[in-house]
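Chemist: From the sequence below, what's the structure:
(2 chains)
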Amino acid sequence: MDALDQRLAQSAVTACTACFGAQVAPEQLQLQQTRKEFEGERTLVVFPLTRHSKKSPEETGTALGEWLVANDELVNAYQVVKGFLNLTIVPSYWTEQLLQVHDNESFGLQIKGSKPKVMVEYSSPNTNKPLHLGHLRNNFLGYSVARILEAAGHEVIKVQIINDRGIHICKSMVAWQKFGNGETPDASGMKGDKLVGKYYVAFDRAYKEQVAELVAKGMNEKDAKSQAPILLEAQSLLNQWEQGDAAVVDLWKTMNGWVYEGFGATYLEMGVDFDKLYYESDTYLLGKNQVAAGLESGVFFKKEDGSVWIDLSDEGLDEKLLLRKDGTAVYMTQDIGTAILRYSDFPGLERQIYTVGNEQEYHFKVLFTILKKLGVKDAEKNYHLSYGMVELPEGKMKSREGTVVDADDLLEEMAGTAREMATELGKIDDLTEGEKATLFKQVGYGALKYFLLKVSPTKSMMFDPKASIDFIGNTGPFIQFNYVRAASMLAKCADAGINTTITHIDASVWDTDELRLIQQALLWPSIIETAVEQYDPSLVANHIYDLTKAFSRWYQDHQVLGEKNESIRDARIALTHFIAHQIKTAMGLLGIEMPKRM
RNA sequence: GGUUCCGUAGCUCAACUGGAUAGAGCAACUGCCUUCUAAGCAGUAGGUUGAAGGUUCGAGUCCUUCCGGAAUCACCA
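Modeler: Residues are numbered from 1 along each chain as shown, chains lettered A, B, ... in the order given. You can find the predicted model right below:
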């Protein structure tokens, strides 16, 4: 609810008292934008008020409308359609609003640090496989939510936890030892994460062969799977790693180093970054103290075999293991420890937001409940930013079936498509190769980011690799294109010697489309507010598309440079400024850059 | 089987959290570049919101029961 709505709600409350002698709380009033097929800008839904007025919806609306026009100078006219009271606001109101904010690039944004410190975790890959399409959705989503929280005034710490430890990385290590012949990223020219991924696949192949062999020799499948020699080797590597065997730790460091270098290159392309990295190898032993403390306070209990559990049946959840009978930690133990560590790493941290796929909803429900039971302050404010899978036409991505969409490949393809498209249109032939390369990435990656972010996070979404991502219609490039047009038009005005700093706007120049466009753009602060509340960048994406679409329509039949009437021209310059700023800001919150030309 | 989520135009997605005649894009068809960038604009066509009940002034949205799909219910991470 913006300032205007609040003002109108107040007036309506007074009107209810004046007309019907009824006390109505402002929250009970429903104000909304008037649908475009009706006259007016704001609509008061009068159905809920009929029990106060004891009159029909039409009579109620008419009475309130009469009163508002007579007593609120912002209300110009009214119209009652069924149970809806449509109010027309005086044009000077919109004009003043526009004049105030049109040149303010941070319109709708709050001062950084005016809201509590929060942490956003995203990405958090395993170090045995390269990043894929699912990671792209995760990273763009997490990064965008972080940007949006920042825009709303929060101090945001972006982190990821890197799963660098465990049997999975040992598998790659074994395979590299056996089949690698000392291959390195430098020597082979292969990206580090790809190289390690290659040996992970090699492991899997060798493992399957061995299992098949054992089965052929008469062993049952279950035993074969647990006794294949190469798996035993990997397990022995894990043991040696845990005991700190120098050679093993060394190899582990080397191979993880390759992966980090590869990931780093991909993050750079993606345009995401992190303020702090957590490594599972540092944190996997954490949490045991918390378990001990919880045992003491009676939050947890110990079974006869020595394993430690928590009973969450009073919360509608099950019993959950926290420590194995041999005293070793599980995933949950580690997450408890890491969560608590982060509170102490960042004093004043209000909450943590975990960008993790929806298959882990149960895990996070349990984690937050445990934190609450352990007495962590504001534990219930933590949030699992859960998102749906990116599905392919043939179903889920499966590395074994080779249907994984590799992040690097997809990014490259997007830039390539942008190149083809731009070359065909031939509008940027005079740019240098370097400028072109930047442009193709801005446009191509913009298309990809917008594609992944315009969908509500909670929903699973479809990606068809054969039908490449669009650059036309409801897409990132469409929005970029309109920004470029607007910016270019403003530049031409300046070149023509027109003063583009607007200090006065005549309220009588607008047509109804323009008034509507101004109102739509003025919604921006409330869009950010809702996007923050719901951790949902798609609201930003959809708003800015709708606004851009409306702008594009307006652009088509409103001249600026050629407009002889200076009052009209200046008003249009201010409007264009306002919308261009907003497009740039909103797209920035999605991690999408604006090109200068396209 | 228990729990959670989902089902909207041929396809991909919206719908201000219960409001008015359910909207965009893609694909198809028609027009519009001598005019600030046509990656654009205007138009045509496309819907029993999975089904059936219920709640109320009013339901894509809420409740119930079905049908169909996904995830989860590990001493994996």
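Chemist: show me where chain A has strands.
Modeler: In chain A, the strands defined using DSSP state E lie at A:30-33, A:42-45, A:75-81, A:84-89, A:115-121, A:154-162, A:276-279, A:301-302, A:308-311, A:319-323, A:349-357, A:383-387, A:390-391, A:461-462.
Chemist: Dump these into TSV; add distance to A:Glu435, mean neighbour count and mean pLDDT as well.
Modeler: C-beta here means a position set from N, CA and C on the backbone, and glycine is covered the same way. Listed next are the strands of chain A as TSV, based on distance: least, C-beta to C-beta, whole Å; neighbours: other C-beta atoms under 10 Å; pLDDT from 0 to 100:
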stretch	distance to A:Glu435	mean neighbour count	mean pLDDT
strand A:30-33	41	15	90
strand A:42-45	46	21	94
strand A:75-81	49	18	93
strand A:84-89	45	22	94
strand A:115-121	33	21	97
strand A:154-162	30	21	96
strand A:276-279	33	16	96
strand A:301-302	65	14	92
strand A:308-311	58	18	92
strand A:319-323	55	19	91
strand A:349-357	34	20	95
strand A:383-387	35	20	94
strand A:390-391	32	19	91
strand A:461-462	33	14	92
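Chemist: Include distance to RNA strand B when you put the ones you listed into a markdown table, please.
Modeler: Converted to a markdown table, these look like this (distance: least, C-beta to the nearest atom of the strand, whole Å):
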| stretch | distance to RNA strand B |
| --- | --- |
| strand A:30-33 | 5 |
| strand A:42-45 | 3 |
| strand A:75-81 | 4 |
| strand A:84-89 | 3 |
| strand A:115-121 | 14 |
| strand A:154-162 | 9 |
| strand A:276-279 | 11 |
| strand A:301-302 | 11 |
| strand A:308-311 | 9 |
| strand A:319-323 | 5 |
| strand A:349-357 | 8 |
| strand A:383-387 | 9 |
| strand A:390-391 | 8 |
| strand A:461-462 | 3 |
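Chemist: could those strands go into JSON lines alongside distance to A:Thr438?
Modeler: Formatted as JSON lines, the entries for these read as follows, by distance: least, C-beta to C-beta, whole Å:
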{"stretch": "strand A:30-33", "distance to A:Thr438": "38"}
{"stretch": "strand A:42-45", "distance to A:Thr438": "43"}
{"stretch": "strand A:75-81", "distance to A:Thr438": "48"}
{"stretch": "strand A:84-89", "distance to A:Thr438": "43"}
{"stretch": "strand A:115-121", "distance to A:Thr438": "27"}
{"stretch": "strand A:154-162", "distance to A:Thr438": "24"}
{"stretch": "strand A:276-279", "distance to A:Thr438": "28"}
{"stretch": "strand A:301-302", "distance to A:Thr438": "59"}
{"stretch": "strand A:308-311", "distance to A:Thr438": "52"}
{"stretch": "strand A:319-323", "distance to A:Thr438": "50"}
{"stretch": "strand A:349-357", "distance to A:Thr438": "28"}
{"stretch": "strand A:383-387", "distance to A:Thr438": "29"}
{"stretch": "strand A:390-391", "distance to A:Thr438": "27"}
{"stretch": "strand A:461-462", "distance to A:Thr438": "28"}
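Chemist: in terms of contact, does A:Ser456 touch A:Tyr535 like I think?
Modeler: No. If you go by C-beta atoms under 8 Å, A:Ser456 and A:Tyr535 don't touch, sitting 10.7 Å apart.
Chemist: okay, these two: which has more neighbours?
Modeler: Applying other C-beta atoms under 10 Å to A:Ser456 and A:Tyr535 shows that A:Tyr535 carries more neighbours, namely 23 against 16.
Chemist: So which residues on the stretch 351-500 of chain A come close to RNA strand B?
Modeler: Applying C-beta under 7 Å from any atom of the strand, one finds that the stretch 351-500 of chain A approaches RNA strand B through A:358-363, A:389, A:396, A:418, A:421-422, A:425, A:427-428, A:439, A:443, A:454-456, A:458-462, A:470-475, A:477-478, A:481, A:484-485, A:488-489, A:492.
Chemist: Narrow the residues you listed to those that are buried.
Modeler: With burial judged by 16 or more other C-beta atoms under 10 Å, the buried subset of these is A:358, A:363, A:389, A:418, A:421-422, A:428, A:439, A:443, A:454-456, A:461, A:471, A:474-475, A:477-478, A:481, A:484-485, A:489.
Chemist: Tell me which of those residues fall in helices.
Modeler: Secondary-structure check on these using DSSP state H: residues within helices are A:His363, A:Ala418, A:Met421, A:Ala422, A:Leu439, A:Val443, A:Pro477, A:Phe478, A:Phe481, A:Val484, A:Arg485, A:Met489.
Chemist: Next up, the contacts around the fifth one.
Modeler: The contact partners of A:Leu439, by C-beta atoms under 8 Å, 6 or more residues apart in numbering, come to A:Ala418, A:Ala422, A:Ile428, A:Leu431, A:Pro595, A:Arg597, A:Met598.
Chemist: For RNA strand B, what's the nearest residue on chain A?
Modeler: Shortest chain A-to-RNA strand B distance, computed as C-beta to the nearest atom of the strand: residue-wise this is A:Gly473, at 2.1 Å.
Chemist: Now the phi/psi pair for the nearest residue to A:Leu341 once chain neighbours are set aside, please.
Modeler: The shortest distance from A:Leu341 to any residue other than its chain neighbours is 6.0 Å, reached at A:Leu286 (C-beta to C-beta, 6 or more residues apart in numbering). A:Leu286 has phi and psi values of phi -70, psi 160 when expressed as degrees, to the nearest 10.
Chemist: how many neighbours does A:Leu286 have?
Modeler: 20.
Chemist: Contact partners for it?
Modeler: Residues in contact with A:Leu286, defined by C-beta under 8 Å, 6+ apart, are A:Ala329, A:Thr333, A:Gln334, A:Ile336, A:Gly337, A:Thr338, A:Ile340, A:Leu341.
Chemist: hmm, 7 Å instead?
Modeler: Taking C-beta atoms under 7 Å, 6 or more residues apart in numbering as the definition of contact, the neighbours of A:Leu286 are A:Gln334, A:Gly337, A:Thr338, A:Leu341.
Chemist: So which of these wins on neighbours?
Modeler: Using other C-beta under 10 Å as the neighbour definition, the contacts of A:Leu286 reach their maximum at A:Thr338, which records 22 neighbours.
Chemist: any weak-confidence spans in the stretch 301-450 of chain A?
Modeler: In the prediction, the stretch 301-450 of chain A carries residues with pLDDT under 70 at positions A:400.
Chemist: give me that answer again for 90
Modeler: Scanning the stretch 301-450 of chain A for pLDDT under 90 picks out A:304-306, A:312-319, A:324-331, A:380, A:392-404.
Chemist: and the stretch 101-250 of chain A, which of its residues are near RNA strand B?
Modeler: In this structure, the stretch 101-250 of chain A approaches RNA strand B at residues A:Asn126, A:Asn163, A:Arg165, A:Gly166, A:Ile167, judged by C-beta under 7 Å from any atom of the strand.
Chemist: Let me know the closest of those to A:Ser281.
Modeler: Looking at these and their distance to A:Ser281, the nearest is A:Arg165, at 4.3 Å (C-beta to C-beta).
Chemist: ok, the closest one touching A:Ser281?
Modeler: Yes. A:Arg165 sits in contact with A:Ser281 when judged by C-beta atoms under 7 Å, with a separation of 4.3 Å.
Chemist: neighbour-wise, which of the two wins?
Modeler: When neighbours are counted by other C-beta under 10 Å, A:Arg165 comes out ahead of the other of A:Arg165 and A:Ser281, with 22 against 19.
Chemist: Perfect, that will be all.
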